[in-house]
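**Q** sequence and computational prediction follow.
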Amino acid sequence: MAILPEDVARVRAAADLVAIAGEHVALRKVGRRWMGLCPFHAENSASFSVNGEEGLYYCYGCQAKGDVITFVREVEHVDFVGAVERLAARGGIELRYDDSGAAAQERKHRSELTEAMERAVDWYHARLLEAPDARAARAYLRERGYDGDVVRQFRIGWAPEGWDELARSLRLPAPVLKETGLGFVNRGGRTQDAFRGRILFPIFDPGGKPLAFGGRVLPGGEGPKYKNSSETPLYAKSRTLYGLNWAKVDVAQRDEVIVCEGYTDVIAFFLAGVPRAVATCGTALTEEHVRVLKNFARRIVLAYDADSAGQAAAERFYEWERKLGIDIVVAMLPKGMDPADAARREPAMLERAVADAQPFLGFRLARALHAADLRSIEGRARAAERCLEMIREHPNDLVRDQYLMQVSDRCRVPVERLREGLTRRGPSLERPRRGEDRVIDVRRRGRDDAGPDLAERHALLQALHRPEDLVALLDEIAPAGLVGIEEVLFVDHRARAAFRALVESPDLHEAIANAEPEASELLSRLAVEEAEGSAADEFLRLVELAALRSIRSLEVEARVSREGLAQVGPTLAWLKLATERLRDRSTATAAAADVVAWLMERSEELE
């Protein structure tokens, strides 16, 4: 159900962003702003700035930005409604909901399914802790080193052998059983539980809502070793990660997440004092998984045999690193040992393996060289060829060359020969991907990429923080209205769009929400900066700069033809005189009105 917009506005206005952000990061006042270490990425110097008056934040390091609702969503990893509800509860605000519409019905339906899953998690968990038929499961878990505290922390459960004990106990209707993946109607027309005779590991979303189960059969039991819930309206395997709800705090603090293959591997890392592990749910790591993890950390440590997928995995990992701006590294565990085994034998081994994790290509090369016979000439040659195949897959030529030098040292092959072999044996991966244009776009180079110049930034700061002063000035210099004035005063397209959004929106929050992406980013950044000087001085400076640009343009026109000077001479003389008047306090406002009117008229003529 959607929360009424006016209630969202009340919550936003009542919430104290400085106080709420201060619960997660130490803030100190600098001028009118508050600064601290960013809670969204690891850093040593403060780049996180809060504008308490407007209720906005911006990080100059990772570009995280938003209002108090966005902050709660990102820090506590809840959806929009969840964040508003938490802030409303904190402020004692009663929310009203719009129950109409298909979206509201869909939300209500998902809530019913989530409630059924919550009841199932509690029922299976209580069964493991208390039921006589779960003795064997409890004994097995104790053998694995999982005591009662571990079982309770991860809410592990037990599905009894009976055909429909969950369905009968919870009295869940058949449609709910099916849509949650908890059960189904068999050929005999009876409801049947999906999990029977299995230890269950509940799977939650990052906010802690239950989505699905992973079930492990006891040794000697029937069926596959592991069985996962089928996909449902709540659960998509390709973007769901087991353990993220517990790991997210440490993941965000360390800017690092460990990806395992199984549920018990995740628990092993937690027991070893490394509580930032997650696992894919019966599927390979996908780009959707990586996109989810990118919101929490930039460094992804693979804690499984990542080399087994070979070139296909390499191409995916390098592509994700390039496209998503992440680092994928691999923890080197003893061959044939998974994290659960390592945790039982030597827990400190897991922490060392994560700390010593290598880039994916370095890991593959180390494994290949370790397995090679480097004592013979033939063995070294074969190892060099194998390493060349792996190095060739990497898309960065500088990275490739660094690894070539390492292989040269280990295999006693001159690096020049390896470079020749790299080129001769196949095309470099440093080439345009299908559908990708490698031609450099000159428009993205130089000043335009840096954004507005100082004069435009200072003017926008005034428009953003002192709108009443700006309106008073513009009433004098642009009495015909503000429509289109940004086109003649601002050169940078982001600054033009940002000014337009400020003029057309009732407040700063609406301006940021309504602006195009680049302008929204600029406004978010400026919202946490101090505005110095005055609106009049900054905007009169913009008018002067616009006049100077026009003077240069007219001078070019005068030079290109014999008639040029005669045609533009009077205008050029007038404009130079107006520019001088702009620099005189007593005549600046009147001169600005004349220049702006002329600029607007000229802009229309040039269109």
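**A** Thanks, I have the structure now. Residues are numbered from 1 along each chain as shown.
**Q** thought residue 343 was touching residue 271?
**A** Yes: Residue 343 lies in contact with residue 271 (C-beta atoms under 8 Å); the separation is 5.6 Å. Just so you know, the C-beta spots here come from the backbone N, C-alpha and C atoms, and that holds for glycine as well.
**Q** of these two, which one has the most company?
**A** Higher neighbour count among residue 343 and residue 271: residue 343, with 24 against 19, using other C-beta atoms under 10 Å.
**Q** just confirm the more buried one is within a helix.
**A** Yes: assigned with DSSP: H, G, I helix; E, B strand; the rest coil, residue 343 falls within a helix.
**Q** how close does it sit to residue 256?
**A** Taking C-beta to C-beta, to the nearest Å as the measure, residue 343 falls 18 Å from residue 256.
**Q** who touches residue 24 in this structure?
**A** By C-beta atoms under 8 Å, 6 or more residues apart in numbering, the contact list for residue 24 reads 39, 75.
**Q** please parse the protein into its domains.
**A** With domains defined by automatic domain parsing, the chain comprises 2-98, 104-235, 239-364, 372-425, 452-606.
**Q** mind listing residues that contact the helix or strand hosting residue 369?
**A** Element membership of residue 369 [criterion: DSSP states H and E] is helix 360-371. Applying C-beta under 8 Å, 6+ apart, the external contacts of helix 360-371 come out as 302, 306-307, 314, 317-318, 328-330, 332, 357-358, 383, 386-387, 390-391, 393-394, 399, 403, 406-407, 410-411.
**Q** got the CA positions of it in PDB?
**A** The C-alpha trace of helix 360-371 is given here as PDB (Å, rounded to 0.1, in the frame of the first residue of the first chain):
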ATOM      1  CA  PHE A 360      41.400 -13.500 -10.300                       C
ATOM      2  CA  LEU A 361      44.100 -13.600 -13.000                       C
ATOM      3  CA  GLY A 362      46.900 -13.800 -10.400                       C
ATOM      4  CA  PHE A 363      45.000 -16.600  -8.700                       C
ATOM      5  CA  ARG A 364      44.700 -18.600 -11.900                       C
ATOM      6  CA  LEU A 365      48.300 -18.100 -12.900                       C
ATOM      7  CA  ALA A 366      49.500 -19.100  -9.400                       C
ATOM      8  CA  ARG A 367      47.500 -22.300  -9.600                       C
ATOM      9  CA  ALA A 368      48.800 -23.100 -13.100                       C
ATOM     10  CA  LEU A 369      52.400 -22.500 -12.100                       C
ATOM     11  CA  HIS A 370      52.100 -24.500  -8.900                       C
ATOM     12  CA  ALA A 371      50.800 -27.500 -10.900                       C
END
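**Q** can you confirm residue 93 is in a strand?
**A** No: counting by three-state DSSP, residue 93 is not found in a strand; it is coil.
**Q** all helices for the stretch 301-450 of the chain, in order.
**A** For the stretch 301-450 of the chain, the helices defined by DSSP state H, counting those that start in this stretch cover 310-324, 339-345, 347-355, 360-371, 377-392, 397-411, 415-425, 447-450.
**Q** any chance of the ones you listed in CSV with mean pLDDT as columns?
**A** Below are the helices of the stretch 301-450 of the chain laid out as CSV (pLDDT from 0 to 100):
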stretch, mean pLDDT
helix 310-324, 76
helix 339-345, 81
helix 347-355, 89
helix 360-371, 87
helix 377-392, 90
helix 397-411, 90
helix 415-425, 80
helix 447-450, 38
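**Q** nearest to residue 298, out of these?
**A** Of all the helices of the stretch 301-450 of the chain, helix 310-324 sits nearest to residue 298, with 9.0 Å by C-beta to C-beta.
**Q** contacts only, for residue 348.
**A** Contact analysis of residue 348 by C-beta under 8 Å, 6+ apart lists residue 272.
**Q** residue contacts, the nearest residue to residue 51 once chain neighbours are set aside?
**A** Take residue 51 and drop its neighbours on the chain: the residue closest to it by C-beta to C-beta, 6 or more residues apart in numbering is residue 528, 4.7 Å away. Contact analysis of residue 528 by C-beta under 8 Å, 6+ apart lists 33, 49-51, 56-58.
**Q** mind doing that once more with 6 Å?
**A** By C-beta atoms under 6 Å, 6 or more residues apart in numbering, the contact set of residue 528 is 33, 49, 51, 58.
**Q** wait, is the last one part of a strand?
**A** Yes: per three-state DSSP, residue 58 lies within a strand segment.
**Q** and the domains of the chain, which is most packed in?
**A** domain 239-364 (a mean of 19; mean count of other C-beta atoms under 10 Å).
**Q** quote the end-to-end distance of that one.
**A** This stretch, domain 239-364, spans 26 Å end to end (C-alpha to C-alpha, to the nearest Å).
**Q** contact partners of the helix or strand containing residue 211?
**A** Using DSSP H and E, residue 211 maps to strand 210-217. The contact list for strand 210-217, computed with C-beta under 6 Å, 6+ apart, reads 117-118, 121, 195, 198-205, 223, 225-229, 234-235, 263.
**Q** you'd agree residue 68 is up against residue 14?
**A** No: Residue 68 lies out of contact with residue 14 (C-beta atoms under 6 Å); the separation is 9.4 Å.
**Q** and the pLDDT at residue 426?
**A** Looking at residue 426, its pLDDT stands at 45.
**Q** quick check: the gap between residue 369 and residue 237.
**A** For residue 369 relative to residue 237 (C-beta to C-beta), the value is 36 Å.
**Q** skipping its backbone neighbours, what lies nearest residue 224 in space?
**A** Excluding the flanking residues, the one nearest residue 224 by C-beta to C-beta, 6+ apart is residue 217, at 7.2 Å.
**Q** go on, residue 60?
**A** Distance criterion C-beta to C-beta, 6+ apart; nearest residue to residue 60, sequence neighbours excluded, is residue 47 at 4.2 Å.
**Q** check contacts around residue 17.
**A** By C-beta under 6 Å, 6+ apart, the neighbours of residue 17 are 50, 55, 68.
**Q** distance of it from residue 508?
**A** Noted for residue 17: a distance of 13 Å to residue 508, by C-beta to C-beta.
**Q** if we can go back for a sec, looking at the contacts of strand 210-217, which are in strands?
**A** Using DSSP state E, 198-204, 226-228 are the members of the contacts of strand 210-217 that sit in strands.
**Q** which one of those is nearest to residue 40?
**A** Nearest to residue 40 among those: residue 204, at 21.6 Å, using C-beta to C-beta.
**Q** so what's the gap between the helix holding residue 369 and the chain middle?
**A** From the chain centre to the centre of helix 360-371 is a distance of 31 Å (C-alpha atoms, centre = their mean, to the nearest Å).
**Q** just the angle for that helix relative to helix 397-411, thanks.
**A** Calculated by axes from the mean of the first three to the mean of the last three C-alpha atoms, to 10 degrees, helix 360-371 forms an angle of 10 degrees with helix 397-411.
**Q** what sits closest to residue 162 if chain neighbours are left out?
**A** In this structure, residue 162 finds its nearest non-sequential neighbour in residue 196, 7.0 Å apart by C-beta to C-beta, 6+ apart.
**Q** so that neighbour makes contact with residue 160?
**A** No: proximity of residue 196 to residue 160 does not meet the contact threshold set by C-beta under 6 Å, at 7.0 Å.
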